[in-house]
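J.: Next input, structure requested:
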Amino acid sequence: MQFQITCNQADHQNQQIIGFCIDSSCTKYRSYCNSCIPSHSEHLHKLTSLEFLYQWIEQGILSIDSVQKNVQKFKVALDSLISQFLPYFNLNIQEFSQLGVSEIEKLINDLCKIKDSEKVLFIQLNQLFDQGQSIINEILKKIKNQTNFTQHINLQIQHLNQDKLNLEKQNDPFILQPNPKSNTYVLMNQNSIKFDGYCQAIAFDKDCSTVALGCNKLIKIYEFKQEMLTLIQILDEHKDYIWTLNFMKKTNQFLSGDRIGLILIWSRNNNNQWNCSQTIKEHTDSIRCLILNNNEDILISSSNDNKIKFWIKKDEWICQQTISDHEKTVDQLSLNEQENQVISCGRDKQILVIEYSEQNQKWVVIQNIQINSDGYRICFINNNQFTFQPNQGNLMHLYEMNSISQQFTKTKDIAVNLGYDRFGLFPQQFIKQKQLLVGKHHQCVNLIRKTENDEFKVEQSIQFDSYGLYGQMSDDGEYLITWDYSSKLIQIRKYKEG
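T.: Numbers count the residues shown, from 1 in each chain. Just a heads-up that it's a prediction; the model follows:
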């Protein structure tokens, strides 16, 4: 993907920007045209295209995540140590005379042990703190020295985004020329909720009476009544960011998955309070997608560990089978209407078609579709059709089953907004009741109608100011709820017929 923007060096005759420099010591402009290349001669190997720049940025973000996790582990260890000293913080020396002999002896023994530790271990701990503080100060100093440079980068990014937005508006009739007679989803501004953290998982229950939000490590449960959200409970069992939420339709339960691979099952009691009823740890990395069959006795999960796992419900959920054919993260799964096939997509440029074998009582990969781009989103429309959204470009692909070979092949492209998607989650949905496909791509949520003559038409393209965009459509298609990095708002849109 390339932005059609020109170099801002006065003597470079408005040449087009062709890439960016990622050398840490570089003091030149990060964006470069052909005439800029000689000024980067000492680190030509650090010049990169925009496509590979996104990968480099993602790796940087993962590094920061790793630092955050290590800092959190250290904090947990310190909290554990401090908890051992809490009884002594609250000790009132004036009440010493009221202690019994055994209590005094225990106090003396405890303080003696602490004194022994203080001689060596506490000295080492203080030295570590001093070293840690020195390292932190050095990091902050480097960041501070880069302030002007960072401001310059931010200004460039703003120009890039604005030029990109202008380009999209020129090339994308679905954004520029919405059909006034089409059905649309209208924002209900009065119902928006400000949330400054990260909300990457959102779910409606079956009758739109309850909404669950994954807010960092917390799950916030809201009552949705008269189109207003009211907070009723906060759940804090997860130890890392929540990435998936799914309400069950037959029981008062829902599922949540987080960034360290935990799946939690939540059940509602007679007092309308949610409690964790089962904790599952089989995946070794982030949970990306959870889906259930209609009977809700089969659960299928995918993860950053490249695995797809199939679970069956006994007294508790038990892992029955693992598919390991993907080579990288598996972002989304979708189950067909007949519930005998699952499709998957992710970061390894392949789509798997997995079918249940009645004879072997197992799920088997029956087709591996090689594609030209990674993709985070895939969705069955019916038993014979599914859509796949590549990360790059302005096309969504439709795959249909060949009646003779019984294999899926790409049969047409659906034009959507131009862009390059950088984040997963926010899975595609097909709302059968309204024959409506909900698909996020880059900074847009595209609402695509399947017509009576089997065509797919973009009915509405909702533009946001950030590609960090998450949400879900209610099962009946009446409400769309989203959160995005830019506005930091939980927003609800309501279906309105044209």
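
J.: Quick one: the helices in the stretch 151-300 of the chain, in order.
T.: For the stretch 151-300 of the chain, helices defined by DSSP state H, counting those that start in this stretch occupy the ranges 173-176.

J.: Where does pLDDT dip in it?
T.: With pLDDT under 70 as the threshold, the stretch 151-300 of the chain has low-confidence stretches at 151-182.

J.: Check the stretch 351-498 of the chain too.
T.: 498.

J.: From the centroid of this protein, which residue is nearest?
T.: The centroid of the chain falls nearest to L425 when counting by CA atoms, centre = their mean (4.3 Å).

J.: Go ahead and confirm it touches R288.
T.: Yes. Between L425 and R288 there is a contact at 7.3 Å, judged by CB atoms under 8 Å. Every C-beta, even on glycine, is put in place using the N, C-alpha and C of the backbone.

J.: tell me, what's touching these two both at once?
T.: Taking CB atoms under 8 Å, 6 or more residues apart in numbering as the criterion, L425 and R288 both touch W243, T244, D331.

J.: Please report how far the first one lies from L218.
T.: Okay, so that is W243. 13 Å (CB to CB, to the nearest Å).

J.: The two: who's more crowded?
T.: W243 (24 against 15; other CB atoms under 10 Å).

J.: Starting from the longest strand seen in the chain, tell me the next helix or strand along the chain.
T.: The strand spanning the most residues in the chain, taking DSSP state E as the definition, is strand 408-420. Next along the chain after strand 408-420, taking DSSP states H and E as the criterion, comes strand 429-431.

J.: any residues touching that next one, and which ones?
T.: Contact with strand 429-431 is made by C379, F380, I381, L436, L437, V438, Q472, M473, D475, D476, G477, as judged by CB under 8 Å, 6+ apart.

J.: partner residues bridging I221?
T.: Beta bridges link I221 to A212, Q233, judged by DSSP bridges.

J.: one step back: of the contacts of strand 429-431, grab the buried ones for ChimeraX.
T.: In ChimeraX, this line selects whichever of the contacts of strand 429-431 come out buried by 16 or more other CB atoms under 10 Å:
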select :379,380,381,436,437,438,472,473,475,477
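
J.: Closest one of the contacts of strand 429-431 to I263?
T.: Comparing the contacts of strand 429-431 against I263 with CB to CB places Q472 closest, at 18.1 Å.

J.: I'd say the closest one and F204 touch.
T.: Yes. Under the criterion of CB under 8 Å, Q472 makes contact with F204 at 6.2 Å.

J.: where do the contact lists of those two overlap?
T.: Common neighbours of Q472 and F204 (CB under 8 Å, 6+ apart) are I481.

J.: just curious, which of the contacts of strand 429-431 is nearest to G197?
T.: Q472 (18.1 Å).

J.: Which secondary structure state is assigned to that closest one?
T.: State at Q472, reduced to three classes by DSSP: H, G, I helix; E, B strand; the rest coil: strand.

J.: separation between it and Q338?
T.: Distance from Q472 to Q338, by CB to CB: 24 Å.

J.: How about V67?
T.: V67 is 46 Å from Q338, by CB to CB.

J.: which element is L62 on?
T.: Short version, using DSSP H and E: L62 is in helix 50-89.

J.: Distance from the helix or strand just after that helix to the middle of the chain?
T.: Per DSSP H and E, the first helix or strand lying C-terminal to helix 50-89 is helix 101-145. Relative to the centre of its chain, helix 101-145 is centred 38 Å away, using CA atoms, centre = their mean, to the nearest Å.

J.: same check, this time on stretch 359-373
T.: 25 Å.

J.: outside of it, which residues touch it?
T.: If you take CB under 8 Å, 6+ apart as the criterion, stretch 359-373 is touched by 310, 321, 323, 325, 342, 349-357, 388, 390-393, 399, 407-408.

J.: In ChimeraX, how would I select the buried members of these?
T.: Of the contacts of stretch 359-373, the buried ones go into a single ChimeraX selection, burial set by 16+ other CB under 10 Å:
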select :310,323,342,349,350,351,352,353,354,355,356,388,390,391,392,393,399,408
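
J.: Which of the contacts of stretch 359-373 fall in strands?
T.: Using DSSP E, the contacts of stretch 359-373 in strands are 310, 321, 323, 342, 350-357, 388, 392-393, 399, 408.

J.: Only the C-alpha atoms, please, for stretch 325-344, written as PDB.
T.: Output in PDB follows, covering the C-alpha atoms of stretch 325-344 (Å, rounded to 0.1, in the frame of the first residue of the first chain):
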ATOM      1  CA  ASP A 325      -2.300 -26.500  10.600                       C
ATOM      2  CA  HIS A 326      -2.000 -22.700  10.900                       C
ATOM      3  CA  GLU A 327       1.600 -21.400  11.100                       C
ATOM      4  CA  LYS A 328       0.800 -18.100  12.700                       C
ATOM      5  CA  THR A 329      -2.000 -16.400  14.800                       C
ATOM      6  CA  VAL A 330      -5.600 -17.600  14.000                       C
ATOM      7  CA  ASP A 331      -7.700 -14.500  14.100                       C
ATOM      8  CA  GLN A 332     -11.300 -15.500  13.300                       C
ATOM      9  CA  LEU A 333     -13.400 -18.700  13.100                       C
ATOM     10  CA  SER A 334     -16.900 -19.100  11.600                       C
ATOM     11  CA  LEU A 335     -19.300 -22.000  11.700                       C
ATOM     12  CA  ASN A 336     -21.700 -22.700   8.800                       C
ATOM     13  CA  GLU A 337     -25.500 -23.100   9.200                       C
ATOM     14  CA  GLN A 338     -25.300 -26.900   9.000                       C
ATOM     15  CA  GLU A 339     -22.700 -26.700  11.800                       C
ATOM     16  CA  ASN A 340     -20.500 -29.300  10.100                       C
ATOM     17  CA  GLN A 341     -17.800 -26.900   8.800                       C
ATOM     18  CA  VAL A 342     -15.600 -24.300  10.300                       C
ATOM     19  CA  ILE A 343     -13.500 -21.800   8.400                       C
ATOM     20  CA  SER A 344     -10.500 -20.000   9.800                       C
END
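
J.: And it, what's buried?
T.: Those would be 326, 329-336, 341-344, for stretch 325-344 by 16+ other CB under 10 Å.

J.: Excluding sequence neighbours, find me the nearest residue to E316.
T.: Spatial nearest neighbour of E316, chain neighbours left out: Q278 (5.3 Å); criterion: CB to CB, 6 or more residues apart in numbering.

J.: and that neighbour, how many residues sit next to it?
T.: The burial count for Q278: 14, using other CB under 10 Å.

J.: got it, and T210?
T.: When neighbours are defined as other CB under 10 Å, T210 has 23 of them.

J.: Is it in contact with I202, as I believe?
T.: No. With contact defined as CB under 8 Å, T210 does not reach I202; the gap is 11.8 Å.
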